[in-house]
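J.: Build me a model:
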Amino acid sequence: MTKERLVAGIAVTAIVVGAAVLVSWWLSLPGLKTLHPVLGGMSPYAAFCFVLTGVALWSLRASSPGLVKRWAGHSSAAIVVLIALLALASPVFGWAPGGVLETGVGRILPVALPVASAIAFLSLGAGLLLLNVEVRGWRPTEFLAFIAMLLALLALIAFAYNFISIFPVPARRALAFHSVALLVGMAFALLIARPEGGLMRLATGDSAAGIMVRGLLPAALAIPVLLGWLVTEGQRAGWYPPGLSLSYYAMSNLVVFSGLILHTAFQLHRTDTLRHRAEERIHLLNAELEERVAQRTAELEAANKELEAFSYSVSHDLRAPLRAIDGFSRILVDDYPDQLGVEGAGHLQRVRLATQRMGELIDALLSLSRVSRSDLRRTTVDLSRLARTVAAEIRQRDNDVATALTIEPGLNADADPSLLEAALENLLSNAWKFTRRSPSPQIQIGALRENGAVTYFVRDNGVGFDMTYAHKLFGAFQRLHGQAEFGGTGIGLATVQRIVHRHGGQIWAEAALNQGATFFFTLGPGRVDPHRR
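T.: Residues are numbered from 1 along each chain as shown. Below is the predicted model of the structure:
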């Protein structure tokens, strides 16, 4: 059962019991207003106050009730406060304690609201009015609920001492038993009505203080009552004179609470010991982690140096043989055309094309390697202007005037300018390449926005591709179209993916054969669903 359901149940119980007692007074049915002659009867004022406090608690039980509920709750609580104040002021101003309460049918009922009940209802009504008030972590409602709780518990203890005994004791009571039980329930409901603040937040939390409160508070409430009952029974049995009962009660509390304090201290000491051990373990793990990070960093630096050496070797040592092959092949074609013949010259021309192709692949691999090793310097980049610059260079290089390019204005990105330029250059080059056969080539650059996340896209109406093979798009040398059909090194999209990942983003594509393709990418952890505009 949740706390709110428990509060609602207590509120309904107060309303039902109070209404039943009022009906009992109205129709002269003593069985409802008095459960048993020795348990006392509830006055009509008390019953009316229980109905009002139940209504107020029901209306204000939610953390944010509506305006009508707040008005009903505060009005009911204010009436309870007024009735309690009038009851307390009667003896001060000499008003007759047997005043009257007029009902709807003109029936006259005697007013009998004990002082203890008046104080309890005053505390409950004021607590309901201040239910949502919190000052520096302190809630006045909790203090007022404790007052009502203490008064009710005092009466409840008196009932226990008088009636739960193995000896005949004359019944003496100040409040009716069902009034006392309802007061205890209402005070408890006030305490748990707002568990997210004040002392209840401490008592229901998972901290050591909360655990201690939940462990000690029930004992602090129950043990003194039990000890008092035992001491009273010993006095009634004649085991010691009445003058020693207070001494025995004090000694019993001293022994029991000393044991509780020692037990709590031992538990706190054990908790502190476990915490210190956990902290030492964390420090040890942190030290091991730092050592592992240093080791991995050294290994990474060594791997980077080896990669740099390899890149240098690829850049210089492999290029020299390729240049030699290409140069000597050209000499043979130029100087010995008669000896080679047409077929031989054709073979050498293919050799030259292969070496040039190899040089382009080496350049692409080196470019991919530099993307991984270069420092990332993020800044605000005008992506729209950068895209226009890159597109102008591609258009000039390809002598293209037919492709319609649309760039959304005002696109900005938090990225490394040089890396972002390389990514756009590869994406736009692909879009230009795959739209050449379209009767009206179109390329669009824009962005999708959702909850602060931005997803950029490059869209074309080119040949597209089959999404079955989309997982191969961003692999090095992976091609979805033949080299003879569309040129390229097969490294461009792998380079784009590496750039996007270095920015902490993602890249993906959507396409269909002969219906164009759209490449989406982010430059951070956010991602927008491309199907939501």
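
J.: what's downstream of whichever strand or helix holds residue 346, the next helix or strand?
T.: When elements are defined using DSSP states H and E, residue 346 is found to belong to helix 337-373. On the C-terminal side of helix 337-373, the nearest following helix or strand under DSSP H and E is strand 379-382.

J.: quick one: buried residues of that following strand?
T.: residue 381 (16 or more other CB atoms under 10 Å). Where you see a C-beta, it was placed from the backbone N, CA and C, and this is true even at glycine.

J.: starting at the chain centroid, how far to whichever helix or strand comes after it?
T.: Using DSSP H and E, the helix or strand that follows strand 379-382 in sequence is helix 383-398. Mean C-alpha position of helix 383-398 versus that of the full chain (CA atoms, centre = their mean, to the nearest Å) differs by 44 Å.

J.: CA atoms of helix 383-398 as PDB?
T.: Listed next in PDB are the C-alpha coordinates belonging to helix 383-398 (Å, rounded to 0.1, in the frame of the first residue of the first chain):
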ATOM      1  CA  LEU A 383      28.300  24.600 -41.700                       C
ATOM      2  CA  SER A 384      26.200  26.400 -44.400                       C
ATOM      3  CA  ARG A 385      29.000  28.600 -45.500                       C
ATOM      4  CA  LEU A 386      31.500  25.700 -45.300                       C
ATOM      5  CA  ALA A 387      29.200  23.500 -47.500                       C
ATOM      6  CA  ARG A 388      28.900  26.300 -50.100                       C
ATOM      7  CA  THR A 389      32.700  26.600 -50.300                       C
ATOM      8  CA  VAL A 390      33.200  22.800 -50.700                       C
ATOM      9  CA  ALA A 391      30.400  22.600 -53.200                       C
ATOM     10  CA  ALA A 392      31.900  25.500 -55.300                       C
ATOM     11  CA  GLU A 393      35.200  23.700 -55.400                       C
ATOM     12  CA  ILE A 394      33.600  20.400 -56.600                       C
ATOM     13  CA  ARG A 395      31.500  22.200 -59.200                       C
ATOM     14  CA  GLN A 396      34.600  24.000 -60.600                       C
ATOM     15  CA  ARG A 397      36.600  20.800 -60.600                       C
ATOM     16  CA  ASP A 398      33.900  18.800 -62.400                       C
END
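
J.: Going toward the C-terminus from that helix, what's the next helix or strand?
T.: Using DSSP H and E, the helix or strand that follows helix 383-398 in sequence is strand 404-407.

J.: where does the stretch 201-350 of the chain dip in pLDDT?
T.: Applying pLDDT under 70 to the stretch 201-350 of the chain picks out residues 201-217, 219-221, 225, 235-237, 240, 242-246, 248-249, 304, 306-319.

J.: what residues does the helix or strand hosting residue 118 touch?
T.: If you go by DSSP H and E, residue 118 is part of helix 115-129. By CB atoms under 8 Å, 6 or more residues apart in numbering, the surrounding residues in contact with helix 115-129 are 43, 46, 49, 52-53, 56-57, 60, 73-74, 76-81, 83-85, 87-88, 113, 140-141, 144-145, 147-148, 151-152, 154-155, 174-175, 179, 183, 186-187, 190.

J.: out of these, which are inside helices?
T.: If you go by DSSP state H, the contacts of helix 115-129 have 46, 49, 52-53, 56-57, 60, 73-74, 76-81, 83-85, 87-88, 140-141, 144-145, 147-148, 151-152, 154-155, 179, 183, 186-187, 190 in helices.

J.: Quick one: buried ones out of those?
T.: Among these, the ones that count as buried by 16+ other CB under 10 Å are 46, 49, 52-53, 56-57, 60, 73-74, 76-81, 83-84, 87, 140-141, 144-145, 147-148, 151-152, 155, 179, 183, 186-187, 190.

J.: give the contact list for residue 133.
T.: By CB under 8 Å, 6+ apart, the residues touching residue 133 are 139, 140, 141.

J.: What separation do you get for the nearest residue to the last one once chain neighbours are set aside and residue 89?
T.: Read it as residue 141. Excluding its sequence neighbours, the residue lying closest to residue 141 (CB to CB, 6 or more residues apart in numbering) is residue 127, at 4.2 Å. Residue 127 sits 20 Å away from residue 89, going by CB to CB, to the nearest Å.

J.: what packs against the top helix by length along the chain?
T.: If you go by DSSP H, the chain has its longest helix at helix 245-312. Counting contacts by 3 or more CB pairs under 8 Å, 6 or more residues apart in numbering; DSSP states H and E, helix 245-312 is packed against helix 208-237, helix 337-373.

J.: Please consider this matter closed, and thank you.
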